[in-house]
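> build me a structure from this.
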Amino acid sequence: MKKIFTVLIVALFFATVPLAVQAADYKVMEAKTAALQNQGLVQIQQVEYNYAAVFAYADTANEWWCGLAVTSLNAGDNDFMIGAFDSTGAAIASGEFTLAENAQMVDLIQNFMDVGTIDGRISIAIFASGSFMADRFQGNDQGGFGEIEKEGVLY
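This next block holds a predicted model:
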């Protein structure tokens with residue numbers, strides 16, 4: 001099922017769940033989009049995102065850092081939108097980028113963002129126009145490290 005979002009730079013939350021719950025989540029996303037527009041954190045442009053992945057937890061507080069590796073599996077260019085949410089579910093940062101076929105972007109999570117700032121515990125939502133894989137890396141200078149890999153799910 002393809003949905004057309006009318007935002008290019010906006011943070012949204014969308015989980016891979018049954019359709020009835022997705023419909024409710026879509027209404028929440030619309031409300032968050034409106035809130036971001038009111039705060040001036042959105043640039044409107046019609047873009048079609050067909051794939052999504054959500055990382056429910058990441059931490060950038062104190063000595064912790066969080067990184068992402070996003071790889072396009074799409075034939076041709078792949079447009080991405082990424083959003084970060086604080087522990088209350090409020091959108092705090094967002095960004096957009098385009099990757100060529102089989103290209104990869106690897107960086108700290110804050111370097112993916114064009115608008116807003118990240119500090120503390122967050123969740124991350126990634127939307128794309130085509131197929132992709134994403135890895136979330138979490139670590140600190142004392143040797144703590146973790147990694148989660150997700151494939152963008154068609155929705």
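> by mean pLDDT, point me to the weakest helix or strand of this structure.
Sorting the helices and strands of the chain by mean pLDDT, DSSP states H and E puts strand 3-7 at the bottom, at a mean of 33.
> just the strands in the protein please.
For the chain, the strands defined by DSSP state E occupy 3-7, 44-49, 51-59, 64-72, 78-85, 91-99, 104-108, 115-116, 121-128, 132-140, 145-151, 153-154.
> could those strands go into CSV alongside mean neighbour count?
Every residue, glycine included, has its C-beta placed from N, CA and C. Formatted as CSV, the strands of the chain follow (neighbours: other CB atoms under 10 Å):
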stretch, mean neighbour count
strand 3-7, 16
strand 44-49, 14
strand 51-59, 19
strand 64-72, 20
strand 78-85, 24
strand 91-99, 20
strand 104-108, 13
strand 115-116, 19
strand 121-128, 22
strand 132-140, 18
strand 145-151, 12
strand 153-154, 13
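> between the ones you listed, which has the poorest mean confidence score?
Comparing mean pLDDT over the strands of the chain, the weakest stretch is strand 3-7, at a mean of 33.
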